[in-house]
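In: sequence first, predicted model second:
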Amino acid sequence: MFYQNKKHIEWKKKNYVWSILHFALHWLFLSLIAAFALYINFGFTKAIDFITGDQTYLKCIFAVIAMLLMCFVVYLYLYFECRDYLIKGKNIAVFFFVIELSMIICLVMGRYVGIFARPSALCALLILLLVNKRTATFANFIFNILMLLTDILVAKDGVSIQVIGQFVTGLSISHLAVYLVDNVGSRIKVFGMGFIISLPIVAMGFVFHLDQSINIYEALEIVLHGFMSGIISVVALMAILPIFEYLFNVLTNYRLAEITDHKSKLIKAMITEASGTFQHSIVVATLAETCATAIGENPLLARAAAYYHDMGKLKQPIYFTENQHGYNPHDELTPELSTQIIRAHAKDGSDLIKKYHLPTILADVAIEHHGTLPIQYFYAKAQKFTDGELDIKDYSYPGPKPSSKIAAIIMLADGGEAAVRAQKDRTPERVEAVIKAIIDDRMKLDQFSNCEITMREIELIKEALVYGLSDVYHSRVQYPNKKDKSRNLFASSKENKNAKD
């Protein structure tokens, strides 16, 4: 999931209540997982006897209270570091379900295979791809502490050195895995990282047997368990990730690659039914990627947003100039009706994206990329038919304004591409003047007041657009006419023949 820098949402009393209830529910789930750990280690009857023993019930109380404190720590972190993420119950569910599912898998592997065969990196890797790197490193600490608490709970004769070793190994290896897998776009390469993160686990396994003489079979078991830990972490990641993407409509780099494939349903429809809009979207996507990279946003997300920003034009493609071939149906319509058709494409695009259960951020960009900008052409056309005053709001997009930096990038790239394409003079100096005018116009109309974009970032976006559009619409060498060229060649050959004669 790609957390967007939006204008902070104001928290209300109900937001606090619901978020606390979500955390209380997951605290209960974590307590049940601790009970599950007792069950798989002792069986039902012995687990009950264990819990009700003279001293062990205190361990159970300690474990439950410790898990409550861990939930409290998570709440504080999310509340102060990414409050807008915490406000949605879906996001809380994603965070805790990853931890809970990873704990169950690790407990089962540790019980039936071996403690060093646990896929300890699974939790951190899932959070990395579903949320972000910073939250993944934090979740890694929480997950490993919860696993340590569970191991302490089920320990019969005190905490062994192996339990402490697994805690330290799992914590460090998972942290390493986050940095190895971050920004790796290929699933095959991610699989290869599983072998790399297995090596320290294998080494640690041998360290714990230094005081013992082990035979070849025990050595092979240590190696096998170590590699199982790393390989199962990445294999389970690739198996579980699509489930979270689908159930919670989460956006990852892998899903971005899938939804921007030209064979995906909506893009395929655009290629067939609105080819001009598709060509425009490709250019905007190239510009948006450059702009996103310049200000530190996700370029793959910017590319996907650009592909889908004009998807609403699929409803009536012929009414948009890039899809017209000599005939313009607006010539037969009133300016008011033309305005309604043009501005409807923003909401139509958002509705279409939601209908196909695509990520919310794409729907947001589709409806926000024109903000509340006026449709100047039809406003000017309407003024010719009236002597009175016209309300420009009746000839403007209804909004909302961009609420994320990605939406702001698409607004500027979309407007900049269209304006430069309409110019006869496309020299770098002229392109820069056009882009500056586009940005000044948007700022004058207060289009960026709902997103936390800075003046420095807008300047970087301007430079990226000027550079990108100057390359896209660079001047070309004028080739000679084919007839003239062939005539000249014929004349030259004739002159050469005469010279020889």
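Out: Happy to help now that I have it.
In: wait, doesn't residue 114 sit right on residue 218?
Out: No. Contact between residue 114 and residue 218 fails when scored by C-beta atoms under 8 Å: they sit 11.3 Å apart. C-beta here means a position set from N, CA and C on the backbone, and glycine is covered the same way.
In: need the mean per-residue confidence for whichever strand or helix holds residue 85.
Out: Residue 85 is part of helix 83-86 when elements are defined by DSSP states H and E. Mean pLDDT, computed over helix 83-86, is 86.
In: circling back: more crowded one of residue 114 and residue 218?
Out: residue 114 (19 against 13; other C-beta atoms under 10 Å).
In: circling back: next one: the helix holding residue 85 to chain centre, how far?
Out: 16 Å (C-alpha atoms, centre = their mean, to the nearest Å).
In: also stretch 394-403?
Out: On C-alpha atoms, centre = their mean, the centre of stretch 394-403 falls 25 Å from that of its chain.
In: one more: stretch 334-352?
Out: With C-alpha atoms, centre = their mean, you get 28 Å for stretch 334-352.
In: report pLDDT for residue 407.
Out: On pLDDT, residue 407 comes in at 97.
In: again, but for the one 10 residues further on
Out: The model reports residue 417 with a pLDDT of 94.
In: confirm for me that it is in contact with residue 284.
Out: Yes. With contact defined as C-beta under 8 Å, residue 417 reaches residue 284; the gap is 5.4 Å.
In: of these two, who's got more company?
Out: Set residue 417 next to residue 284 and count neighbours by other C-beta under 10 Å: residue 284 wins out with 28 against 25.
In: so that one, which of the three states?
Out: helix (DSSP: H, G, I helix; E, B strand; the rest coil).
In: out of everything not next to it in sequence, what's closest to it?
Out: Using C-beta to C-beta, 6 or more residues apart in numbering and skipping the chain neighbours, the partner closest in space to residue 284 is residue 306 (4.4 Å).
In: any chance you could list what contacts the helix or strand where that neighbour lies?
Out: Here residue 306, judged by DSSP H and E, is contained in helix 299-308. Contact with helix 299-308 is made by 2, 251, 253, 256-257, 259-260, 266-267, 281-282, 284-285, 287-293, 349, 353, 358, 361-362, 365-366, 406-407, 409-410, 413-414, as judged by C-beta atoms under 8 Å, 6 or more residues apart in numbering.
In: just the ones of those residues in helices?
Out: 253, 256-257, 259, 266-267, 281-282, 284-285, 287-293, 349, 353, 361-362, 365-366, 406-407, 409-410, 413-414 (DSSP state H).
In: narrow those residues to those that are buried.
Out: Using 16 or more other C-beta atoms under 10 Å as the burial test, those include 256, 259, 266-267, 281, 284-285, 287-292, 349, 353, 361-362, 365-366, 406-407, 409-410, 413-414 as buried.
In: quick one: contacts for residue 396?
Out: Contacts of residue 396 by C-beta under 8 Å, 6+ apart are 343, 372, 373, 374, 375.
In: what stretches of this protein score poorly on pLDDT?
Out: 1-9, 47, 49-56, 157-159, 185, 209-213, 474-501 (pLDDT under 70).
In: domain-wise, how is it divided?
Out: For the chain, automatic domain parsing gives the domain ranges 13-249, 255-472.
In: mind listing what's buried in the longest helix along the chain?
Out: Counting by DSSP H, the longest helix found in the chain is helix 216-247. For helix 216-247, burial by neighbour count (16+ other C-beta under 10 Å) applies to 221-222, 224-237, 240-241, 244-245.
In: ditto for stretch 64-80
Out: 64, 66, 67, 70, 71, 74, 75, 77, 78.
In: now, those residues that are in helices?
Out: 64, 66, 67, 70, 71, 74, 75, 77, 78.
In: for the third one, what are its contacts?
Out: For residue 67, the contacting residues are 27, 30, 31, 34, 146, 149, taking C-beta under 8 Å, 6+ apart as the criterion.
In: just the buried members of the residues you listed?
Out: 27, 30, 34, 146, 149.
In: how far away is the first one from residue 345?
Out: Residue 27 sits 47 Å away from residue 345, going by C-beta to C-beta, to the nearest Å.
In: now the third one
Out: Relative to residue 345, residue 34 is positioned 53 Å away (criterion: C-beta to C-beta).
In: and what of the second one?
Out: Using C-beta to C-beta, one obtains 47 Å as the distance from residue 30 to residue 345.
In: repeat for the fourth one
Out: Separation of residue 146 from residue 345 (C-beta to C-beta): 49 Å.
In: how about residue 221: what's its closest non-neighbour residue?
Out: Using C-beta to C-beta, 6+ apart, the closest residue to residue 221 is residue 114 (7.5 Å).
In: quick one: the contacts of residue 67 as JSON lines, columns for distance to residue 214 and secondary structure too.
Out: Below are the contacts of residue 67 laid out as JSON lines (distance: C-beta to C-beta, whole Å; DSSP: H, G, I helix; E, B strand; the rest coil):
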{"residue": "27", "distance to residue 214": "42", "secondary structure": "helix"}
{"residue": "30", "distance to residue 214": "36", "secondary structure": "helix"}
{"residue": "31", "distance to residue 214": "38", "secondary structure": "helix"}
{"residue": "34", "distance to residue 214": "33", "secondary structure": "helix"}
{"residue": "146", "distance to residue 214": "31", "secondary structure": "helix"}
{"residue": "149", "distance to residue 214": "30", "secondary structure": "helix"}
